[in-house]
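Novice: Here you go, sequence then predicted model.
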Amino acid sequence: MAELTDKRVAFLATNGFEDSELTGPWDAVTGGGASALMIAPEGSEITGKNGHVQTVDLSSADASADDFDALVLPGGVVNADHLRLDKPSIAFSRAFFEQHKPVGVICHGSWILIEADVVSGRTLTSYPSLATDLRNAGAAWVDEEVVVDQGLVSSRTPDDLPAFNSKVIEEIAEGRHSGQTA
């Protein structure tokens with residue numbers, strides 16, 4: 001496993017996230033030595049669709065990509081739908097691409113990247129119902145377990161978490177990617 005000591009990873013979510021898509025990557029990056037912080041639009045804690053409660057460390061309005069080495073966007077329909085309407089969350093997500101930093105996204109989390117206008121010309125996977133949304137935003141959508149495109153790691157569902165976690169850790173360990181652009 002890659003060494004992530006001294007890396008800070010932001011997780012961006014709100015109520016209704018897919019529990020395992022937050023907890024699995026969280027455990028993977030912290031297990032690799034990184035520190036993880038939960039960013040959300042509001043509140044002191046958020047609750048996943050299956051009941052996992054996560055403490056919020058910073059609001060998306062107060063968070064800066066400058067302070068992190070990578071971003072992870074868990075899925076969940078309700079979570080992603082709410083985040084794609086939150087301007088500070090969209091700006092926060094886009095800033096990682098502007099700074100060429102690794103981003104991991106799974107399931108419906110790609111909606112946030114569509115709103116951030118960072119998927120055009122990229123190859124991604126997602127939950128299958130987002131294929132048309134991603135294509136309409138200029139992305140090439142593929143049905144694969146995990147896809148890595150210049151520091152952007154994407155996966156479809158919780159079933160893909162082992163491959164997703166492995167690639168997210170690898171990309172965070174590598175650091176900035178010049179092709180990771182907005």
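Specialist: Thanks, I have the structure now.
Novice: Okay, now the unreliable bits of this structure?
Specialist: For the chain, applying pLDDT under 70 flags the ranges 1.
Novice: what are the ranges of the helices in it?
Specialist: With DSSP state H as the criterion, the chain has helices at 19-31, 77-83, 87-98, 110-115, 131-136, 161-174.
Novice: out of those, deepest packed?
Specialist: Stretch with highest mean neighbour count among the helices of the chain: helix 110-115 (a mean of 26; mean count of other C-beta atoms under 10 Å). To be clear about C-beta, it is placed using only N, CA and C from the backbone, and glycine gets the same treatment.
Novice: Which residues outside that helix are in contact with it?
Specialist: For helix 110-115, the external contacting residues (C-beta atoms under 8 Å, 6 or more residues apart in numbering) are 12, 73, 80-81, 83-84, 89-90, 93, 103, 105, 119, 124, 126, 130, 133-134, 137, 154.
Novice: so how far is Ala65 from the residue nearest the centre of the chain?
Specialist: Nearest to the mean C-alpha position of the chain, counting by C-alpha atoms, centre = their mean, stands Leu73 at 2.2 Å. Distance of Leu73 to Ala65, computed by C-beta to C-beta, to the nearest Å: 13 Å.
Novice: gap between Asp62 and Leu37?
Specialist: For Asp62 relative to Leu37 (C-beta to C-beta), the value is 11 Å.
Novice: Between those two, which has more neighbouring residues?
Specialist: Neighbour totals were compared for Asp62 and Leu37, and Leu37 leads with 16 against 10 (other C-beta atoms under 10 Å).
Novice: my guess is the more buried one contacts Asp57, does it?
Specialist: Yes. Contact criterion C-beta atoms under 8 Å: Leu37 and Asp57 qualify, at 4.2 Å.
Novice: ok, back up a step: reformat the helices of the chain as TSV; add distance to Lys49.
Specialist: Shown next, in TSV, are these (distance: least, C-beta to C-beta, whole Å):
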stretch	distance to Lys49
helix 19-31	7
helix 77-83	7
helix 87-98	18
helix 110-115	16
helix 131-136	20
helix 161-174	16
